[in-house]
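S.K.: Return atomic coordinates for the entry below.
(2 chains)
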There are 2 protein chains.
Amino acid sequence: MENLIKSYENNRRQLKALQYAMFMISWDSATEAPKGSFEDRGKYVGTLSEQAYILQTSKEAIAIVDELHKSRDSLNILLKHEIEIIKKDNDRTLKIPMNEYVEFQVLMSQSQEIWARAKENNDFLGFKPTLEKIITTIRKFGKYMETDEMKGYNLLLDMYEPKMTVDVLDEFFGLLKEKLVPFFKKIQKSKVKVRKDFALLGFDVKKQKEFCDYLIDVLGFNRNFGLMKESAHPFTSGYGSTDVRFTVHYYEDDFTSSIFSCIHELGHSLYEQQIDPKLNDTMIGGGASMSLHESQSRLYENMLGRSHEFWEVHYSKLQSLFPNQLNDVSINEFYLFINRVEASFIRTEADELTYPLHIMLRYDLEKALFDGNLQVDDLEKAWNDLFFQYFGLEVKEPKKGVLQDIHWAGGMFGYFPTYALGSAYSAQLYHHLAKDIDINKALLEGSTKPINNWMKEKIHIHGSSMYPKEIIKQAIGEKFNPQYYIDYLISKYTKIYNVK
Amino acid sequence: MENLIKSYENNRRQLKALQYAMFMISWDSATEAPKGSFEDRGKYVGTLSEQAYILQTSKEAIAIVDELHKSRDSLNILLKHEIEIIKKDNDRTLKIPMNEYVEFQVLMSQSQEIWARAKENNDFLGFKPTLEKIITTIRKFGKYMETDEMKGYNLLLDMYEPKMTVDVLDEFFGLLKEKLVPFFKKIQKSKVKVRKDFALLGFDVKKQKEFCDYLIDVLGFNRNFGLMKESAHPFTSGYGSTDVRFTVHYYEDDFTSSIFSCIHELGHSLYEQQIDPKLNDTMIGGGASMSLHESQSRLYENMLGRSHEFWEVHYSKLQSLFPNQLNDVSINEFYLFINRVEASFIRTEADELTYPLHIMLRYDLEKALFDGNLQVDDLEKAWNDLFFQYFGLEVKEPKKGVLQDIHWAGGMFGYFPTYALGSAYSAQLYHHLAKDIDINKALLEGSTKPINNWMKEKIHIHGSSMYPKEIIKQAIGEKFNPQYYIDYLISKYTKIYNVK
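M.R.: Sure thing, here's the model as predicted:
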């Protein structure tokens, strides 16, 4: 047994070193690599992935995990969970015939470029054959991997949010549809005017960067174990709790974009930094799921970062960086501006209230594609019809509709719901956080430290050593309940837009 | 045979991917990695090195190279050279018992920190026991690896400059000692006054960076295949001709440091960028040797970058960036300043003329340590005595003497001579370049393009597909001859310092 564990740990050590290398390369690719280096780099990454794949799927590696899995009840609780996850992963991977797996990788290596071109040309038909191939393959892989307990769209959901099912999501999105769609229509009729003139005055990028650098300390990110950089699209990356990195993108004509994406990524980063360092050597470090990660980024971005209390402390700093643009803008005008609600076509630019409606639409369509009867032929029309139903806007260009996101081109079906789930988790966590911590007091004192500590103890420290639903249950004593989210949104925006 | 080559190529592909990963990690370490990440990163790098070592020294890999080596005359000329190099390398590596090799790696992982502490404390005794261990081990490894044709210090030289021997270097440094030491003493008595007041006025780092960015285009570095960044010590790194990176360090109180280290690193970078891309997939890409590399960096830095013609075109740009500091400094005053000669303790801060004397001193000592009778016990005194003899200065602190360089702490004996050799090669190449290209005309036209092209065709394109001495011979039709270097230095500085 001891030898078996040692063999497992040795294999894991090899695999982690390769994964670390790939983290470094992809960080470099996204932030500074010279354009001309990508062709050669592609070859090296291919070879490293191949080495990792062999380490994971060699007969020996599979046998070790199988043996450990048989005796899992005699393992310590952490290793037991790790082995369960890997066993499940192995079982799924091995069901896919090697040649079909490779074929899919080849498809994936081309599909994102095909999508990008189709989007640029506003031409859904240019992407349709590729999307059909992707969906057909994923359906086929689903058939290989399905069990009596898990099949169809549930299987896809489980890949990004372990143990999440259509039942739970139907209830969640049903509630959203019932409550939020009519509420949003009310807000659209509100007479509250939001001042927006100052936002177009041009905001020096270097000063925006300086403000983000200031936010790093406000939110308590540990600079010794991470860094902030620039990239085309903001993201958080890292490897273990000792190397956590995030990026921001700066727009001269949209200065709040960098502020809120910085706070958003800091939410992800705090999560990664506060995971128990003893998990760094294992396969159960890192956040527990996409949703839990998103619950952190959205809690920091929206509930803390867009609160009046937060800006009562930090607005003067922002004004001092941009006196010409902001000195005659009151904090209340600024607060209204950063919390304005508007119907818009693009998900990534949506406000806090309408964002989940964008996700709901994608959920409806994905479910219909995998469990229902929707065909790719009818996807564009289905998108546009639903969009009109939820937002009252007619989609006229696919780049602002069905072609806007990269996810489907990357084969990521089942991923979108985690965004909305994350927001819903964040409201539920916020409710319980408020029982233990005086949130407003902390914000008015200019630091999120007490909040960070609460999150660390309840959520972060566990990494992915438990399933997300177990972490939530243990943290707050109840299971996922979307009602908190609905209540939070309606209460907040009823006040802001003075609706009845 | 075909299968053998395929196996070799497959192994090489695996190895190159790992080396590429290590390049990325070390680039990141030197330029931006968070301090707290180094402990974990050390483990990953250790594992990746282990994987690379296994790929290189597995029985199978060794047998493939041995087989190919036996039939090397039937291989194409490039593969033949590659196999010869690898075979030589394997033969040496395999002669060292595994446990001693590992022990040495452990020593190496500690020695640089011990050296850094000793240097900080000005305490040679604190480093002495470690240095003794390093030297004893390298002597022992030398015994394992020596052949009838190559032993002692020659073996160490060969590691950094293939086929270079003590005979050649004795002649080279003998000439330096005979001609340069007395010449330097004459210059010290020269009445020429160098104006230096302006250098202390404080030069904004951002503007220095802007000037370096300008130099990138002056020297024709291809931005599509590389980039410039900042680090504590300037260096050039990269992997293949499509990804070449260099760094600069900026000092407010020493503005010419960034300018000349930028040009120096651009010399290295042009070399790497102009290597035949078809060598990227092989083990014979990259510069042919340390000396040849240094010949390029020094030719660009000193012969082109410190020439009057160069600044006739670019000085006004520099003045426009620093009007307060430079507007009343004439180009001749600036030219004198950047070519001033001064006795100084620190090699890396030395001027063009005294630099080789610093190397000569290290060569004398290394040779005595490995072939003569010098013991580490007497090393500090020997250093200080020689230093007084060459420079007329008394070393009072080991941090400015025997402890100043990191090389010996890293086990790099035999490396220093390549610096001086590089300068000597550069003078010889410059002489032949001047026969084919109107160098001054090119410089006065503001571009090094014709020079880059000459270097590409004669030197760069070959990568390390031939031995450095073969490349030189083919390029200029004669072998290494140090007389060009002496002539160049004496002619240049006789004019500048008006000595007889």
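
S.K.: By mean pLDDT, which helix or strand of chain A comes out lowest?
M.R.: helix A:98-120 (a mean of 88; mean pLDDT, DSSP states H and E).

S.K.: check whether the top helix by length along chain A contacts chain B.
M.R.: Looking across chain A with DSSP state H, the single longest helix is helix A:2-31. Yes: if you take CB under 8 Å from any CB of the partner chain as the test, helix A:2-31 does meet chain B, through A:13-14, A:16-18, A:20-22, A:24-25, A:27-28. Heads up, the C-betas are built off the backbone N, CA and C, glycines and all.

S.K.: Let's see if you can find the most crowded of the residues you listed.
M.R.: Neighbour counts for the residues of helix A:2-31 next to chain B, by other CB atoms under 10 Å in any protein chain shown, peak at residue A:21, which reaches 28 neighbours.

S.K.: That one reaches residue B:26, doesn't it?
M.R.: No: with contacts counted by CB atoms under 8 Å, residue A:21 stays clear of residue B:26, the gap being 11.5 Å.

S.K.: List the residues that contact residue A:261.
M.R.: Listed by CB atoms under 8 Å, 6 or more residues apart in numbering or on different chains, the contact partners of residue A:261 are A:234, A:248-249.

S.K.: Return the member of the residues you listed nearest to chain B.
M.R.: residue A:248 (15.2 Å; CB to the nearest CB).

S.K.: How many residues are close by that closest one?
M.R.: Applying other CB under 10 Å, I find that residue A:248 has 26 neighbouring residues.

S.K.: I'd like to know the beta-bridge partner residues of it.
M.R.: Beta-bridge partners recorded for residue A:248 (DSSP bridges): residue A:230.

S.K.: just the residues of the stretch 1-150 of chain A that are near chain B, which are they?
M.R.: Checking the stretch 1-150 of chain A against chain B by CB under 8 Å from any CB, the hits are A:13-14, A:16-18, A:20-22, A:24-25, A:27-28, A:32-37, A:39-41, A:43-45, A:47-48, A:51.

S.K.: Could you rerun that using 7 Å?
M.R.: Within the stretch 1-150 of chain A, the positions adjacent to chain B are A:13-14, A:16-17, A:20-21, A:24-25, A:28, A:32, A:34-37, A:40, A:44, A:47-48, A:51 by CB under 7 Å from any CB of the partner chain.

S.K.: Figure out how far the least confident helix or strand of chain A is from the centre of its chain.
M.R.: Relative to the chain's own centre, helix A:98-120 is displaced by 22 Å; criterion: CA atoms, centre = their mean, to the nearest Å.

S.K.: On the C-terminal side of it, identify the next helix or strand.
M.R.: helix A:124-145 (DSSP states H and E).

S.K.: which element is residue A:212 on?
M.R.: Per DSSP H and E: helix A:205-218 holds residue A:212.

S.K.: What count of nearby residues applies to the nearest residue to residue A:479 once chain neighbours are set aside?
M.R.: What sits nearest to residue A:479 in space, not counting adjacent residues and going by CB to CB, 6 or more residues apart in numbering or on different chains, is residue A:473, at 5.8 Å. When neighbours are counted by other CB under 10 Å, residue A:473 registers 14.

S.K.: ok, so what distance separates residue A:473 from chain B?
M.R.: 31 Å (CB to the nearest CB, to the nearest Å).

S.K.: what does residue A:470 give?
M.R.: Distance from residue A:470 to chain B, by CB to the nearest CB: 27 Å.
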